[in-house]
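**Q** Got a predicted structure here, sequence first:
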Amino acid sequence: MKFRRLFRAALLGGMLASVAALATALPAQADNTLRIKMTGSLGIIDPELTTSTPTRDMAYLVWDTLFATDADYKVQPQMVGKYAISDDQKTYTLTLRDGLKWSDGTPVTPADCIASLKRWMVKDSFGRLLAGELDHMEAVDDTTFKLVLKEPWGMTLQALGKPGAYVPFMMPQRIADTPADKAITEYVGSGPYMMKMDEFAPGSKVVYVKNPYYVPRDEPASFLAGGKVAKVDRIERIDFPDDVSAVNALLAGEIDYMEGVPPDLLPTIEASDTAEWYIRDHLGKSLQVVFNWAQPPFNNEKVRQAAVMALSMKDIQQAYFGDNDKLYTLCPAVFFCGAPYETDINSEHVMKQDIEGAKALLKEAGYNNEPVLVIHPTDAQDADAYMTVAVQNLRAAGFNVEDFATDTATMFSRRTNNGPIADGGWSVFSTGWGGIDMMNPITNVFTKGACDKGWFGWACDDQLQQLSAAYVKAATPEEQKDIAIKLQARIYDVISFVPMGQNYIVVGRSKKLSGLIDGAVSTFWNVSKSD
Amino acid sequence: MALVSATGPVDAEATRRRLPGNAATHVALGIVAVYVLLAVVSPLVLGDYISVHPATRLKPPSATFWFGTDQLGRGIFERTLVGTGNSLLVGACVALLATLIGGGIGLVAGYFRTGEWVIMRLMDGLMAVPSVLLAIALASLLGAGLTTVIIAIAVPEIPRMVRLVRSVVLALRQQPYVLAAISIGTRPAKILFRHILPNAVGALTVQATYVCASAIITESILSFLGIGSTPDSPSWGSIMAYGRPYFQVSPWMILFPGVFLSVLVLTINILGDGLRDMLDPRLRRGATL
Amino acid sequence: MLRYVGLRLLSTIPVLAFVLLLAFFLLHLAPGDPAALIAGDSATPAQVEAIRAQLHLNEPLSTQLWIWLIDLAHFDLGRSVFSNLPVTQLIAQRFEPTLMLAISTTILAVLLAVPLGVIAAYRARTGIDRGVIVLAVAGYSVPVFVIGYCLIFVFAVQLHWLPVQGYKPLAEGLGGTLRSLVLPTVALALLYVGLIARVTRATMLEVLDEDYIRTARAKGALTLRVLCIHALKNAGPPIVTVIGIGFASLIGGVVVTETVFNIPGLGRLTAEAVLRRDYPLVQGMLLTFAVMLVAINLVVDLTYPLFDPRIRY
């Protein structure tokens, strides 16, 4: 009996206590904090170690660049205040803006910038081109340094203002001296925000606060250029492994910004009074289907062409987007639609599915039912939908497809293997480079034709190599565009890859936000949040 | 009294006479038969459950699509029925493996107590290994497939079964009738099978039912890694798992395979009770309390 | 008893060694390469190779094991190859949410399940008994995310009573922590209520016929009270065991629940670490789990004699 009474009392007491605790708990939301949900998870912070998009986007908060790309894809000075190009076009004299400091309060020096450029030039393809052109770099005084080229090179500033990975971010020399393949361990930059290391919880939360030493430019913000004014005091990047939860959190006001809303969840946001969705960037990314040139059957050009004829861009996109055809475009261009080198040259087979033609071409190519291993990541909704349709398309044309369902992580390691399927190799995989990297033949990996030195797929073609080299040396914008068009024509002949639809970046946002900057990179300066 | 207890409350003769008799058990057996039939027949009889139709994705149930369609426009009806095979196989095999191996080890460890120390510590260690890691490693050894899935899910379940059965045995071992049986020199095997096992069946079947259902759901996690069922051979677990992001817009992707799974779990529960009745005549009296 | 506890604790060492070796070989058996993931989508093969070398991934297995063991001997679990944070710090970050969720779920489940199981046994084959079966069926076969989404929709999105997602640490106040735990606890508890209630019922039924119960019944004294004191006591070990197993599974992490409610717990950390082949992190996690399991199982074993003093260790 005693036990029973005691038990009852304890139970009652416990319930009362929890009710009281619940009632008194105030929703701790009242502050000038921006809570964001971004695509992917931020694990690696060092922007020169990885090309991952989350790393790149968040790095723009912490680090700044000498030059930056504006909304018209023109390069503008950013950390650099004024610059001069010598009459022989070989010496670039760059002077840093007044009062630039790292977030630890020490001034930014030319030695820091030179060390940062050196680390970047080891990793980045554009950087390596610049390194090849470069005679030397030297500091002139406390704020000025010189880049001296061997020959005039019209793309020097474009390289320094490169928006996509690897971005030439400036770091203090002691950090920039870290070997390029080793991760930096100290995250000090001269960007508008700084990372709060004590609150860094990888896979869960990353917190940024204002950099007290940041001095913005005076011009209005324009994409990655102009004045980056930090308006909110604190940015919390919260990871959501589940998009449904993220949308619910947006509707409930627990987050303010959600990048990459799945198309099927948009109606939920449309029904809300407090949130809305919009297209942040029309370049976005495209689906790129890549074939393995190193192994049969795709070492045969005709077999690759047959595969392209078999694929249906419309079906592939519809499988993920359904009826939301405002969220993507069936784009014929290698260098993206809505970008300077957009063209539809030689894209007839890319745009139109032709199963019979594919069958005929396969026969002509002497395809002998060799197995085709398609890497099919099932843990990403979009990739899963795309590849399910692609497998079906290829089978319809008579390919002997092994549908290799796996996770994205395994795909990343498997695609590095250029051996036969039996030894862990592959035949087809897909990826999703962004327009910001794809629009330029220098940063686009599919233009190179560099064989085993090239990107996965190991496309190998003399003409592509020559055209790529010619592009780098082209003297005028007209000449560059001309070469870009030739590159596309050749790419669609030899099939170094095939684009299967261009997807826009869809963002859900709280109606409290203002000052958001459109573009392929997510930026959070200039953003303010009303009460 | 001691002698009566020594022959035990479970009388083998009585058990044999009392074959599973109640109606619920018969219905349950009938359902199992239907499921097995579905598993065998539906892949042969049903139309296309593989090819995707982007134009008809996420359609609600209708005369054309009885259970609606999934995110790629495939019929949920066809996929659920065809998925019966994979799901039954995984559920049944994992439950059987865990019960037979885990139950066996648990009985021995709890009764004889020789080697118990080593066995139980080994089990402590095995419990710590996550299925996902085991599955990925096994997949590289045995290749991806249902065998890998079954082993990967069963292994971490075994220690749990061992601990549960052992705890039942530890308690039973001190009961007067067991002590009496030991004192008159009954063979350990006889004691185990006559006195201990029947009294452990209740807990064993509860755990086995749970293991079976959880294996069917866990299989879907592995199928996302390409280790379980492939896109061409669906399972209830994978249909539901693919339906998760669409739950608010297309709940039918989860509803129908979920109902199939629920019926299976209910059926196993009833069969478990039936099995217990068959082995344990005392329940008759318990039921009249 | 102290000697027993001491021996058990001592035997943790071979258990850990076993887990460590198993983990190491399982991990390296698994195909996959953290270097390719670190380098990112656009890295060239040469860049991947450079990172691989940096992480000692090209060394023979025995060398890698040796490097790790040396670190371990210095009580250093190493650093995550991705975030470069110490493994101990990463695990510590995730430990509190997981522990709190495990405790709240276990308390709720036990408070509901044990009485339900007792009543189901006392009134076997009646409405309440069938109700427990239905509860168990629902708990086993309705995916936890279905219950989770429904709870979120009603109590968070529509009524705004509770947060949609996230975990508020204890350091920010008990109230916030409890609020963030209510929905995930309810969603998770259903499964364990079914399981524990069914095991309670099953073991109770075995005890119901024992001599002393029979005596009590003959005297007309078989009330719920007798049931609770005598039968439940004797049915104790299996019930405590199943509660312990449940608690251990909860500590191991509940990936789906953590995902749906966006709780940064050990389950998600383990799954991500395994998928990304973050070798030091996975090894550190397994070590942690093994220690926790040994402790939980020891505590469970120590309770057996409380129910029946005749049970020796």
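**A** Arrived safely.

**Q** which residues in the stretch 51-200 of chain B form helices?
**A** Using DSSP state H, counting those that start in this stretch, the helices of the stretch 51-200 of chain B run over B:76-97, B:103-111, B:116-127, B:131-142, B:146-173, B:176-183, B:188-191, B:197-224.

**Q** separation between the residue in chain C positioned nearest to chain A and residue C:151?
**A** With distances taken as CB to the nearest CB, chain C approaches chain A most closely at residue C:175, which sits 3.0 Å away. Any C-beta I mention is one placed from the backbone N, CA and C, and that applies to glycine too. Remark: distance between residue C:175 and residue C:151 (CB to CB, to the nearest Å) = 19 Å.

**Q** OK, contacts around the residue in the stretch 151-300 of chain C positioned nearest to chain B?
**A** Residue nearest to chain B within the stretch 151-300 of chain C (CB to the nearest CB): residue C:202, separated by 3.1 Å. Residue C:202 makes contacts with B:202, B:203, B:205, B:206, B:276, C:121, as judged by CB atoms under 8 Å, 6 or more residues apart in numbering or on different chains.

**Q** Now for the residues you listed, which sits with the most neighbours around it?
**A** Ranked by the number of neighbours (other CB atoms under 10 Å in any protein chain shown), those place residue B:203 first, at 30 neighbours.

**Q** Next one: it relative to residue B:264, how far apart?
**A** 21 Å.

**Q** Go through the helix or strand residue C:130 falls within and flag the buried ones.
**A** Assigned by DSSP states H and E, residue C:130 belongs to helix C:127-141. Of the residues in helix C:127-141, those buried by neighbour count under the rule 16 or more other CB atoms under 10 Å in any protein chain shown are C:128, C:129, C:132, C:133, C:135, C:136, C:137, C:138, C:139, C:140, C:141.

**Q** so the residue of the stretch 51-200 of chain A found nearest chain B is in which element?
**A** The minimum distance from the stretch 51-200 of chain A to chain B, using CB to the nearest CB, falls at residue A:54 (20.1 Å). Of the helices and strands defined by DSSP H and E, residue A:54 is found in helix A:53-62.

**Q** Same question for residue A:36.
**A** Using DSSP H and E, the element containing residue A:36 is strand A:33-37.

**Q** Residue C:297 now?
**A** Assigning secondary structure by DSSP H and E places residue C:297 in helix C:279-307.

**Q** between that helix and helix B:116-127, how big is the angle?
**A** Relative orientation of helix C:279-307 and helix B:116-127, computed by axes from the mean of the first three to the mean of the last three CA atoms, to 10 degrees: 140 degrees.

**Q** and helix C:279-307, what other elements does it pack with?
**A** Here helix C:279-307 touches helix B:116-127, helix B:146-173, helix C:2-10, helix C:12-29, helix C:87-122, helix C:236-251, helix C:266-275, going by 3 or more CB pairs under 8 Å, 6 or more residues apart in numbering or on different chains; DSSP states H and E.

**Q** how many degrees apart are the fifth one and helix C:236-251 in direction?
**A** Which is helix C:87-122. Relative orientation of helix C:87-122 with respect to helix C:236-251: 140 degrees, computed using the same axes, to 10 degrees.

**Q** do the same with the second one
**A** Following the same axes, to 10 degrees, one obtains 150 degrees for the angle between helix B:146-173 and helix C:236-251.
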